[in-house]
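Novice: quick one: sequence plus predicted model below, questions after.
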Amino acid sequence: MLHGTAIIITSFGYLGLLFAIAYYADQRADAGRPVIASPYVYSLSLAVYATAWTFYGSVGRAASDGVGFLPIYIGPTLMIALWWIVMRKIIRISKQNRITSLADFIASRYGKSALLGGLVTVIAVIGILPYISLQLKAVSNSFTILVQYPEIVMPTSVLDSPIRDDTALWVAMILAAFTIAFGTRHLDAAEHHQGMVAAIAFESLVKLLAFLAVGVFVTFGMHAGFGDLFARASAVPKLRAMMTPLEGVAGGYAGWVWLTILSMLAIMFLPRQFQVTVIENVDEKHLSKAIWLFPAYMLAINVFVLPVAFGGLLRFPDGNVDADTFVLTLPMAERQELLALLVFIGGLSAATGMVIVETIALSTMVCNDLVMPVLLRWPRLRLIERRDLTGLLLGIRRGAIVLIVFLGYLYFKLAGEAYALVSIGLISFAAVAQFAPPILGGIFWKGGTRLGAFWGLVAGFAVWSYTLLLPALARSGWLPISLLDDGPFGIDVLRPLQLFGLAGLDQITHAMIWSMIANIGAYVGVSLSVAQTADEHRQASLFVDVFRQTGESGGARFWRGTASVPELYNLLGRFFGVAAAETSFADYARSKGLTWPDDRLVADAELVHYVEMQLAGAIGAASARVMVASVVKEEALTLDEVREILDEASQVVVYSHRLEQKSRELEAATAELREANERLKELDRLKDDFVSTVTHELRTPLTSIRAFTEILVDKPNMDTAQRSEFLGIITKEAERLTRLINGVLDLAKIESGKADWVESGVDLKEVIADTLAAMGQLFKEKNIEVQTQLPERVSLVRADLDRMIQVTLNLLSNAAKFCDSRRGRIEIALTESDGCLRVDVRDNGRGVDPENHEVIFSKFHQVGDTLTDKPHGTGLGLHISRRIVEHFGGRMWVESRLGSGARFSFTLPIAAGT
Amino acid sequence: MNASVSKSQRFLALCMLGLLLFNYPILALFNVTGTVFGVPLLYAYIFIAWAALIAMMAYVAAHDG
């Protein structure tokens, strides 16, 4: 079943699927509904870190070193813990400055230096070649092995196979074509490749699933779980030694630590990681999910590495099967055709993902930071005057992709045989680690200069070439091996693997130590001894203080000169096409509140900066600077002027901070004042209400007194019976008036806090008895039945005796007033519980509507319709009673329903010590 | 959590913790013969500590400070 054709068809089917996904994602992005605007897609795209190296090579490394492969993934986990501090800053800087690549970032930081950008590009391309060759080697090997199924035959040396059978060459060609189709279909100002990111995220899922499938098969299919597998492995003496492998491993703990550090740097500065993490990031917030999702992915893809390694060593004990191929050969040896095919596809996805992103990132660098600056500076090409440059840009990128992939192939041919997969990859890691000093130094230290970064990189890269690249070529037979054994010209201290006599370390640790000393030493040393130019000083402060900038126009304040709008417009048009330039200018005009085209749009510093940023997105900062400078007349700023602008800016920041604080304080004070004012207004309104209600209440009895008096005056000969009836009414109304006035006075006293409270221990039982006695006559007249429920003895409460009589009198007279007119019945009860005395007065009147339960305690409230019913009292009694009870720490309320009587209750706390 | 400590400081502390956990001498303590549920001690330690570190990073990332 596993014929070559079947494998090839499956592979192309898979690549076609990838292309479909990318195409779909691009369509969605164009329609404004991007699929990659998700932290999960972002996290999965970061997993492009796991390449064929992880997929095949980890097992190979584990088969010789045990846990030795793990620092490659633990290091990034530790680094990602710092991403909140470091990566967030890099992303912010890149978005504000329209950074398009790693080289662009470094060039832009050190004064938009084209020289530095070019150097970084060269280092990146040369440094990454081994890594790309690794992918080609893995794919072509896995293909060659799979085709032999069911035999397991290791591939022969690539050097002596004819072109037709040179799988690596075919793989390289297909990958190059595929990458071109993927990454250079059109030119995007923000250098976003949404389709590519979606496809990469999908590839990450495929390779994870494929690897987990093999892991599960080896652990649970071929063995009975982890315990069984490790038990069988430890029965073999050679394998038992690997269970505690750190002492025996090359370099021991030092090797482990340096590998961790190296991977910490690689996860930041590999061009493809920089591409997916920084350039393709669409939302800074995605970072906080990726911070744990991506490490979790790395953990998951590594869980089964050791089981597969041990499974392979147990299955092929005589060592004629390369451990780098265990992932594939184990399913093959067990006759699992489909699983083997799945593994091949998984490995393919790991390799293609890496090659696609890496070459796109590198081709952007080659185009923007190496080729374009040279072409633009070449006057004879008259490039600056060309109408449309988009075709040229895309052409350069496509050429760069082909070139890079084939250089990777060449490296594979030259040096790929001598090393295992992981060792090849580590050489690339050490190369990109050289970018750490200029980038990390550049975003936290304003003092780093262009020359410092340049010489640091040159020194670090030189040491890297001498201690890692040179030995790789020597071991492959392209340079005399005596170079390694005796040193160049027989100078012993210069041996590339024991430089200056530093021996006993593994190759990578040795190279890292010397290259970092050279790199950091030169960077810091030169930076401290050479002065910065104005451009460098400006860029340094824009980068280091990125979180203090506001908006993209941060760089605009550093520009002074003259420019014209049409020229700037044409410049954009040449690189993006007229349509894109139109949109760009329309956007800018809208942000100024104008509509494009508009004569009022001026070519000020801000517009120039805007155009430069747009261009930087396509051709890199250094080239954009050259292009813009070609159409505007710029006055160079001196270093002092830049310093002045920066100082002004920082003073403005300080002032605005102070102003903000002042205005916050002011706002708080205003809010307090407004609140106080509201309270006063409310009190004023209450007072007005009170006065108007009181006068209204006073007028009612007064009116009737006056009316009846007038009748009496007008009709002196009224008969005696009527006269005495009228006089009776007048007396009653006058009494009511007196009560009302007394009530108001009483209330006023209580509310103003001027009431004389005579506090003493009061016996509520006595109070009730006294009140009942005083009202006995009234009850008898109205034929009301009174029932009492009083305990033998009660505790005293602390209160004013007269006031308590007033309260009970009020409740009882209310009860008498409202109870059933024919068969009136009042129950009065006194109980003691929970440290309180409670008095209940229940009547059998018409009751109180629940919605009036609170209202009746307010001032001047009369139950019933005041227009038709004759008022029964002052409307102050309950209000005053409640105030009195509350004054002594008690509570008063009513429980009632319409038609079934009412129960008024109050409680008072028992006095202490009784 | 102490609200006055910023997220950055917590992440920095986690990185320090990770450097400690996956380094000499803590690593050496587990570099001995022995098994946990049949898995060699060193392997078990590394994967458990790694998973715990990731869990803590997830917690810090999800909570504002």
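Specialist: Structure's in. What do you need?
Novice: give the helix, strand or coil label for the residue of the stretch 801-914 of chain A found nearest chain B.
Specialist: At 39.2 Å from chain B, A:Gly889 is the closest residue in the stretch 801-914 of chain A, using Cβ to the nearest Cβ. For the C-beta atoms, the positions are set from N, CA and C on the backbone; glycine is no exception. Following DSSP: H, G, I helix; E, B strand; the rest coil, the label given to A:Gly889 is coil.
Novice: equivalent analysis for A:Gly319, please.
Specialist: Judged by three-state DSSP, the three-state class of A:Gly319 is coil.
Novice: just the pLDDT for it.
Specialist: pLDDT recorded at A:Gly319 is 76.
Novice: and if you look at A:Ala418?
Specialist: Looking at A:Ala418, its pLDDT is 64.
Novice: in chain B, what residue is nearest chain A?
Specialist: For chain B, Cβ to the nearest Cβ, closest residue to chain A: B:Gly38, 2.4 Å.
Novice: quick one: A:Asp228 from A:Phe220, how far?
Specialist: As judged by Cβ to Cβ, to the nearest Å, A:Asp228 and A:Phe220 stand 9 Å apart.
Novice: neighbours around the residue of chain B closest to chain A, how many?
Specialist: 14 (other Cβ atoms under 10 Å in any protein chain shown).
Novice: could you do A:Glu781 as well?
Specialist: The burial count for A:Glu781: 9, using other Cβ under 10 Å.
Novice: which strands and helices sit next to the host helix or strand of it?
Specialist: According to DSSP states H and E, A:Glu781 maps onto helix A:764-782. Secondary-structure packing of helix A:764-782 (3 or more Cβ pairs under 8 Å, 6 or more residues apart in numbering or on different chains; DSSP states H and E): strand A:785-789, helix A:801-818, strand A:825-833, strand A:836-843.
Novice: got the CA coordinates for the longest one in PDB?
Specialist: Meaning helix A:801-818. What follows is helix A:801-818, C-alpha atoms only, in PDB (Å, rounded to 0.1, in the frame of the first residue of the first chain):
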ATOM      1  CA  LEU A 801     -41.500  57.900  81.600                       C
ATOM      2  CA  ASP A 802     -43.800  60.700  80.300                       C
ATOM      3  CA  ARG A 803     -42.700  60.000  76.700                       C
ATOM      4  CA  MET A 804     -43.400  56.300  77.100                       C
ATOM      5  CA  ILE A 805     -46.900  57.200  78.400                       C
ATOM      6  CA  GLN A 806     -47.300  59.500  75.300                       C
ATOM      7  CA  VAL A 807     -46.300  56.600  73.000                       C
ATOM      8  CA  THR A 808     -48.700  54.000  74.500                       C
ATOM      9  CA  LEU A 809     -51.400  56.600  74.800                       C
ATOM     10  CA  ASN A 810     -51.000  57.400  71.100                       C
ATOM     11  CA  LEU A 811     -51.100  53.700  70.100                       C
ATOM     12  CA  LEU A 812     -54.200  53.000  72.300                       C
ATOM     13  CA  SER A 813     -56.100  56.000  71.200                       C
ATOM     14  CA  ASN A 814     -55.400  55.200  67.600                       C
ATOM     15  CA  ALA A 815     -56.600  51.700  68.200                       C
ATOM     16  CA  ALA A 816     -59.700  53.000  69.900                       C
ATOM     17  CA  LYS A 817     -60.300  55.400  67.000                       C
ATOM     18  CA  PHE A 818     -60.000  52.900  64.300                       C
END
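Novice: and it, what's buried?
Specialist: A:801, A:803-818 (16 or more other Cβ atoms under 10 Å in any protein chain shown).
Novice: go on, the shortest one?
Specialist: By neighbour count, and taking 16+ other Cβ under 10 Å as the criterion, the buried residues in strand A:785-789 are A:Val786.
Novice: and that strand, what does it pack against?
Specialist: Counting contacts by 3+ Cβ pairs under 8 Å, 6+ apart, strand A:785-789 packs against helix A:764-782, strand A:825-833.
Novice: next: the longest one.
Specialist: If you count contacts as 3+ Cβ pairs under 8 Å, 6+ apart, helix A:801-818 packs onto strand A:759-762, helix A:764-782, strand A:825-833, strand A:836-843, helix A:877-887, strand A:902-909.
Novice: may I see those arranged in JSON lines, with distance to A:Asn677 as well?
Specialist: What follows is the helices and strands packed on helix A:801-818, written out as JSON lines (distance: least, Cβ to Cβ, whole Å):
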{"stretch": "strand A:759-762", "distance to A:Asn677": "37"}
{"stretch": "helix A:764-782", "distance to A:Asn677": "44"}
{"stretch": "strand A:825-833", "distance to A:Asn677": "45"}
{"stretch": "strand A:836-843", "distance to A:Asn677": "40"}
{"stretch": "helix A:877-887", "distance to A:Asn677": "27"}
{"stretch": "strand A:902-909", "distance to A:Asn677": "36"}
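Novice: lowest-pLDDT helix or strand in chain A?
Specialist: Lowest on mean pLDDT, DSSP states H and E among the helices and strands of chain A sits strand A:633-634, with a mean of 68.
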